[in-house]
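**Student:** model the structure of this input:
(chains A and B)
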2 protein chains.
Amino acid sequence: MKFNKVTVIGLGLIGGSLALALKESKQVETVVGIDTNEDSIKYAFDNKIIDEGASGINEVISGSEIIVISTYVGNIPNTAKSVFDIASEGTIITDTGSVKSSVLSEIEPNLPENLHFVAGHPIAGTENSGVKSADSNLFKGKRCILTPTEKTDLMAKSKVKTMWETVGCKVHEMDAQAHDHIFGVVSHLPHVVAYALINSVLSAEDSDELLEFAGGGLKDYTRVSASSPEMWTEIFKANKDQLLNAISVFKTSLEKIETAVETEDFDTLKKELEKAAKTKRNL
Amino acid sequence: MKFNKVTVIGLGLIGGSLALALKESKQVETVVGIDTNEDSIKYAFDNKIIDEGASGINEVISGSEIIVISTYVGNIPNTAKSVFDIASEGTIITDTGSVKSSVLSEIEPNLPENLHFVAGHPIAGTENSGVKSADSNLFKGKRCILTPTEKTDLMAKSKVKTMWETVGCKVHEMDAQAHDHIFGVVSHLPHVVAYALINSVLSAEDSDELLEFAGGGLKDYTRVSASSPEMWTEIFKANKDQLLNAISVFKTSLEKIETAVETEDFDTLKKELEKAAKTKRNL
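**Tutor:** Residues are numbered from 1 along each chain as shown, chains lettered A, B, ... in the order given. Okay, the predicted model is just below:
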């Protein structure tokens, strides 16, 4: 056994899958699950995703070696504050939020001296959400990014790393700002673009007919745009500056293609498409 | 046997797959393939995709009941003109181009009285191209759109319909303008957006590092953006007006999300995302 007790707060797709993967690893004595939705707790308990559960942050979490906050990113700081009041001395708190600078700037200044915080982000997920989509293989071979600061305890970081490796992640470290820049571009921007694309189709008078032919290319986008609106609103909010920057760069690229079509500059158009098409081969 | 002789001009993914599917259907006495690339002809012959082949439009096509022009959309009108000079009386010429109005407006006024033209577009394809990707199941269960005009011969249309049904397509008819509007939105626009998104990532100084994390969401776009730049340049060119209109509508949707993030109007933001997310469930 690597851990005596790990608590996961927020039994969504990520939290539920983590709890399940930790249970199945048999490396954790007790996996505790907290979720405000009692049905999620019941489901998690009945399906052996957790050993114990509660619908609020109470004494059930005390004695945890690691507490993983896996709520929507906007709720992470407040959830952490509730945890501070109850967590036992030496407990390591970590999170799974998709944005790291805003989480760190709200949590680190308030962190009690006898607790540790390590910011993390497993790069895993599907368009599904909720504990019923929990999958113990969700993290296998995926990256988990930790964004330590100068305040981060090295032993705490090492334990969080071990936890993610236990469920199959390859753990990377980077600066929180760098993380938010990278995921603003490679994850948040593609979501904005997919949402906008689908909405542009919906705004047409003949949108029903258009959607009938979605197989022509549009359908590739609907997996992305079907992701939870609540979750993504919070992510866009938390990563506002990096996201706005990424959107602005994207608009420049879009307008380059638009102008080439408009001015019938088909050499430039072809060059633009060639640049993009090459990329897949290098991925 | 439904047909004595069908000629496919342009043995790419679509033309090659059609030739192969027709051969395998055993409903065509002789399948002829024409391609300027002699290696493609040799490959198609060696792999029993065609019965006869040639690298130019010559007597080999005479006696064809149907001639399918499956070149890039920009080459369809010129290819058709070459066919007019050689095709036997009563031959039905059809095409597989992704844009229909431009093809019709260039071909119909020049069509000899003793030949027929039926414009078509099978909604099938992958990011792969070339005869080596030919797949006899490519059209199974897919739609094929025919865009007849008042000049279209009904018997010719019926024969082209039968050909596509033979390879597994469900055949629909619509007006060429309607077709170009629909596919401008559901197919051409998503390609523009994917190309622009990948290019916006490539334009970053740290693009190599960004691409390392493409699994975060970007990768969903690379299937689309890996499509043939030559082919898509021609499609964008041929459907210029409808495409520019679709890009403009898309920019409005994008800017709605951008403005909501910028002004921190998170109610509007969430509503925008909810609209898009609902769509998948209805598809």
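
**Student:** for the stretch 151-283 of chain A, what spans make up the strands?
**Tutor:** In the stretch 151-283 of chain A, the strands defined using DSSP state E, counting those that start in this stretch lie at A:170-173.

**Student:** isn't residue A:249 right up against residue B:204?
**Tutor:** Yes. Residue A:249 is in contact with residue B:204 according to C-beta atoms under 8 Å; the separation is 7.0 Å. Where you see a C-beta, it was placed from the backbone N, CA and C, and this is true even at glycine.

**Student:** list the residues that contact both of those two?
**Tutor:** Contact criterion C-beta atoms under 8 Å, 6 or more residues apart in numbering or on different chains; residues bridging residue A:249 and residue B:204 by contacting each: residue A:185.

**Student:** isn't residue A:218 up against residue A:197?
**Tutor:** Yes. At 7.3 Å, residue A:218 counts as touching residue A:197 under the criterion of C-beta under 8 Å.

**Student:** between these two, which is the more surrounded one?
**Tutor:** residue A:197 (29 against 24; other C-beta atoms under 10 Å in any protein chain shown).

**Student:** give me every residue that touches that one.
**Tutor:** Residue A:197 neighbours (C-beta under 8 Å, 6+ apart): A:218, A:221, A:225, B:189-190, B:193, B:250, B:253.

**Student:** please redo it, this time with the cut-off set to 7 Å
**Tutor:** By C-beta atoms under 7 Å, 6 or more residues apart in numbering or on different chains, the residues touching residue A:197 are A:221, B:190, B:193, B:250.

**Student:** which of the residues you listed has the most neighbours?
**Tutor:** Counting by other C-beta under 10 Å, top hit in the contacts of residue A:197: residue B:193 with 29 neighbours.

**Student:** pLDDT score assigned to that one?
**Tutor:** The model reports residue B:193 with a pLDDT of 96.

**Student:** what does residue A:281 give?
**Tutor:** For residue A:281, the model assigns a pLDDT of 57.

**Student:** then residue A:273?
**Tutor:** Among the per-residue scores, residue A:273 holds a pLDDT of 96.

**Student:** picking that back up, okay, the contacts of residue A:197 in a markdown table with distance to residue A:134 next?
**Tutor:** A markdown table is the format used below for the contacts of residue A:197 (distance: C-beta to C-beta, whole Å):
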| residue | distance to residue A:134 |
| --- | --- |
| A:221 | 26 |
| B:190 | 32 |
| B:193 | 33 |
| B:250 | 36 |
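
**Student:** list just the nearest of the residues you listed to residue A:106.
**Tutor:** residue A:221 (32.8 Å; C-beta to C-beta).

**Student:** list the contacts of the closest one.
**Tutor:** A:194, A:197-198, B:190.

**Student:** recalculate using a threshold of 6 Å.
**Tutor:** Contact analysis of residue A:221 by C-beta atoms under 6 Å, 6 or more residues apart in numbering or on different chains lists A:194, A:197.

**Student:** from residue A:194, how far off is it?
**Tutor:** 4 Å (C-beta to C-beta, to the nearest Å).

**Student:** that older thread, closest to residue B:35 out of the contacts of residue A:197?
**Tutor:** Closest approach to residue B:35 among the contacts of residue A:197 (C-beta to C-beta): residue B:190, at 28.6 Å.

**Student:** just want the most central residue of chain A.
**Tutor:** In chain A, the residue lying closest to the centroid (C-alpha atoms, centre = their mean) is residue A:98, at 3.9 Å.

**Student:** let me know the pLDDT of that one.
**Tutor:** 95.

**Student:** how about the one 5 residues further on?
**Tutor:** Reading off the per-residue confidence, residue A:103 sits at a pLDDT of 97.

**Student:** cool, residue A:216 as well?
**Tutor:** 65.

**Student:** chain B contacts on the stretch 51-200 of chain A?
**Tutor:** A:123, A:182-183, A:185-187, A:190, A:192-193, A:195-200 (C-beta under 6 Å from any C-beta of the partner chain).
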